[in-house]
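K.L.:
Below: sequence and its predicted model.
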Amino acid sequence: MSEFNMEKIKGIEHLSKMYNAEQIRYVLGMSKSNVYRFLEEVYKNGGPFVVVKIGRLYRVKSDSFDEWYKTFGKGD
């Protein structure tokens, strides 16, 4: 088995950070089942932030979520 080589992934810093469902659940104070329903709806509707579905897992693009969350509490 070969060793992991960081040289192969130079420049990875341009990739966006992603949140998982558990992190979104914590921030929004939702139950596990409700956060998955919410993320499924956001994924299907294409907004208000970017959700990526990988198999049964959801990942949320952090910058799009953070921007939405800034206005979330203001009722916008």
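P.N.:
Thanks, I have the structure now.
K.L.:
which residues in this structure form strands?
P.N.:
Read by DSSP state E, the chain holds these strands, from start to end of the chain: 18-20, 51-54, 57-61.
K.L.:
Give me whichever of those is most buried.
P.N.:
Among the strands of the chain, strand 57-61 has the highest mean neighbour count (mean count of other Cβ atoms under 10 Å), at a mean of 18. Using the backbone N, CA and C atoms, a C-beta is placed for each residue, glycine as well.
K.L.:
Now Y43: closest residue in space that isn't a chain neighbour?
P.N.:
In space, Y43 comes closest to V51 once its chain neighbours are excluded; the distance is 4.2 Å by Cβ to Cβ, 6 or more residues apart in numbering.
K.L.:
if I pick that neighbour, what's in contact with it?
P.N.:
With contact taken as Cβ atoms under 8 Å, 6 or more residues apart in numbering, V51 is in contact with 39, 42-43, 58-61.
K.L.:
export the residues you listed to a markdown table and tack on pLDDT?
P.N.:
What follows is the contacts of V51, written out as a markdown table (pLDDT from 0 to 100):
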| residue | pLDDT |
| --- | --- |
| L39 | 97 |
| V42 | 97 |
| Y43 | 97 |
| Y58 | 95 |
| R59 | 95 |
| V60 | 96 |
| K61 | 94 |
